[in-house]
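>>> This is a predicted model, with the sequence first.
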2 protein chains.
Amino acid sequence: MSDLPKFVTFHEEGPREGFQIEKRLYSVQDRVELVDALARSGLSQVQVGSFVSAKAVPTMADIDQVFAGITRQEGVRYTALWLNEAGFRKAQATAQVDISAYLMFYTTDALSLRNNNCTAQEMRERQDKWISLYKDAGVPIESAYIVTAFGCNLQGEVPIADTVAAARHIIKLAREHEFPIPRIMLADTVGWADPEDVKRRVGAVRELAPDVSIGLHLHDTRGMGAANVYAALQMGVDMFDSSIAGLGGCPFAAHANVHGAGNVSTEDMVHMCHEMGIETGVDLDALLEAAQVAERVFDRPLAGKLMHAGRPNRR
Amino acid sequence: MSDLPKFVTFHEEGPREGFQIEKRLYSVQDRVELVDALARSGLSQVQVGSFVSAKAVPTMADIDQVFAGITRQEGVRYTALWLNEAGFRKAQATAQVDISAYLMFYTTDALSLRNNNCTAQEMRERQDKWISLYKDAGVPIESAYIVTAFGCNLQGEVPIADTVAAARHIIKLAREHEFPIPRIMLADTVGWADPEDVKRRVGAVRELAPDVSIGLHLHDTRGMGAANVYAALQMGVDMFDSSIAGLGGCPFAAHANVHGAGNVSTEDMVHMCHEMGIETGVDLDALLEAAQVAERVFDRPLAGKLMHAGRPNRR
């Protein structure tokens, strides 16, 4: 019971994951307010939004204005998502963006086609260009995502061999292009993972490269999010993407009910870590305030549990 | 990863846990419809309701009519809750009730006073009478609950020694009164448990009596329900109380938002077990239909996740 990590890092993605699936547009002010509330909680990284086509994802419009409106907190990185070269260039051109460069690999054609209009193999080939792009920009490649690493709503089962093959390819690219192997992020994009599968896939990737950092991007789509985090902690995973109040979901991932498909809730998982004696560097009360901001902005009950139940009252 | 139980039993408590916290009254027909839907799913035990004062818990009125209205399924036990001798006698007098006799122990005076108007010690003394009552009735004592075994909203922390002391007392009673040690149910009545604490407390109780069956009654109050189930499975626990669609919550337990304080969701946890190769004897599709019935009856979005996301589409 004592081999859990001592410190766990949460990368907050609520402002990107949360707004991207909305039909309603939110004001720049609302989006800034949420980012600012999150940044006050001691989180080391907050993903502010995406540099994507405002036509495809209207709620991500004016992302540069959101960045410009932030009241910067020391020690916080304000990051962004992009899906192609043009998006990266826009992020780069926005002075306030803290570039956290990543590669993206898909295990299934179906979701890659929907997200990128190309097959998984084509997306893989595009990553060679992304690497050059990052090299030219002089930014380190921090992470490499394996999207739908556990299963895909559109295509079905993802064999563990496909997840491992993607990880092997990442390692090969790092060697060929002579950059340090980035953190490998296994993304349960659509909530297929179960705790034993988390252990199996993390274990299989770790066997390939025992010293490489592994992180998880988990959704609580089917109610196993917390169990999957716990399973990952038992495997020594110490880095998770998460969303305040459990916001989130992929707009193209074919969920029956997209609002139930959010990421694991940052504050619930921070609380779980703290209860187990794991540090996170996060002030839970401040994080719960950010969850309240999220609920006010989205104007509906959100999925987070602790924000509604309150912290345990220890005496 | 292979030491999880092969078969796990879920005792459905939704019809009792769900309705008991409601302000609105529901018709006998609605209550019967939910019980019938649950019983069609292959669950071996469905708790239909409580024999308690209709003045204290108005939604539990006419419980005898609910029992009379059920279309009985073979292999299903239709059980009930009582909090005192009068309640047990009423249950006993209702022909359709499958008596599943239990003892109840509290770790804190605060919740015992609210639920039973007596201290934890007085409640403990009352159990001697309950034992005689059950003996006279010729019913075996199947389980013994340790309420707030992990913490109490009203009183705060519950030292592990108090949980163990309650378990020790149960074992002592069984020896003194010469009945087989019942299954010891650790109840996280108000959602204080974390996965490591589940392991610690289950482990400590098992040390006392290695051959005694241990079950858990878990609430997902603070978003750790699934992680707690997974931790318990890793300890070999193979019996859980749960509620369809995550219904539930104690009406006297002082939650900030009682509707967020439900039990672990039966269908989400059955799904998690099945995904990990653990059998439950339950037809998940039929269980999801029961969750839909629950949502129709309660007429608001319920906490269950799988019912909204849909089952993973394997091809």
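On my side now, so go ahead. Numbering: from 1, shown residues only, chains lettered A, B, ... in the order given.

>>> Low-confidence regions, the stretch 1-150 of chain A specifically.
Where the stretch 1-150 of chain A drops to pLDDT under 70, the residues are A:1-2.

>>> how does it look with 90?
Scanning the stretch 1-150 of chain A for pLDDT under 90 picks out A:1-3, A:21-23, A:56, A:111, A:114-116.

>>> all strands for it, in order.
A:9-12, A:45-51, A:77-82, A:101-106, A:141-147 (DSSP state E, counting those that start in this stretch).

>>> Now the element after the last one, going C-ward?
Scanning forward in sequence from strand A:141-147 by DSSP states H and E, the next helix or strand is helix A:160-176.

>>> Could you export that next one as PDB, CA atoms only?
What follows is helix A:160-176 as a C-alpha-only set of coordinates in PDB (Å, rounded to 0.1, in the frame of the first residue of the first chain):
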ATOM      1  CA  ILE A 160      -3.100  -3.700 -26.500                       C
ATOM      2  CA  ALA A 161      -0.600  -4.400 -29.300                       C
ATOM      3  CA  ASP A 162      -1.800  -1.300 -31.100                       C
ATOM      4  CA  THR A 163      -1.200   0.900 -28.000                       C
ATOM      5  CA  VAL A 164       2.200  -0.600 -27.500                       C
ATOM      6  CA  ALA A 165       3.000  -0.200 -31.200                       C
ATOM      7  CA  ALA A 166       2.200   3.500 -31.000                       C
ATOM      8  CA  ALA A 167       4.500   3.800 -27.900                       C
ATOM      9  CA  ARG A 168       7.200   2.000 -29.700                       C
ATOM     10  CA  HIS A 169       6.900   4.400 -32.600                       C
ATOM     11  CA  ILE A 170       7.300   7.400 -30.300                       C
ATOM     12  CA  ILE A 171      10.500   5.900 -28.800                       C
ATOM     13  CA  LYS A 172      11.800   5.200 -32.300                       C
ATOM     14  CA  LEU A 173      11.000   8.800 -33.500                       C
ATOM     15  CA  ALA A 174      12.900  10.200 -30.400                       C
ATOM     16  CA  ARG A 175      15.900   8.100 -31.200                       C
ATOM     17  CA  GLU A 176      15.900   9.000 -35.000                       C
END
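
>>> re the thing from before, so can I have CSV of the strands of the stretch 1-150 of chain A showing mean neighbour count and distance to chain B?
Backbone N, C-alpha and C define where each C-beta goes, glycine included. Listed next are these as CSV, based on neighbours: other C-beta atoms under 10 Å in any protein chain shown; distance: least, C-beta to the nearest C-beta, whole Å:
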stretch, mean neighbour count, distance to chain B
strand A:9-12, 24, 14
strand A:45-51, 25, 21
strand A:77-82, 22, 23
strand A:101-106, 24, 17
strand A:141-147, 23, 16
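
>>> Could you dump these into TSV with distance to B:M269 added?
Below are the strands of the stretch 1-150 of chain A laid out as TSV (distance: least, C-beta to C-beta, whole Å):
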stretch	distance to B:M269
strand A:9-12	25
strand A:45-51	31
strand A:77-82	33
strand A:101-106	31
strand A:141-147	27
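
>>> among those, which is nearest B:E122?
Of all the strands of the stretch 1-150 of chain A, it is strand A:9-12 that lies closest to B:E122, at 45.4 Å by C-beta to C-beta.

>>> what helices or strands is that closest one leaning on?
Judged by 3 or more C-beta pairs under 8 Å, 6 or more residues apart in numbering or on different chains; DSSP states H and E, the packing partners of strand A:9-12 are strand A:45-51, strand A:239-242, helix A:266-275.

>>> how does it look with 10 Å?
Here strand A:9-12 touches helix A:28-39, strand A:45-51, strand A:77-82, strand A:214-218, strand A:239-242, helix A:266-275, helix A:284-298, going by 3 or more C-beta pairs under 10 Å, 6 or more residues apart in numbering or on different chains; DSSP states H and E.
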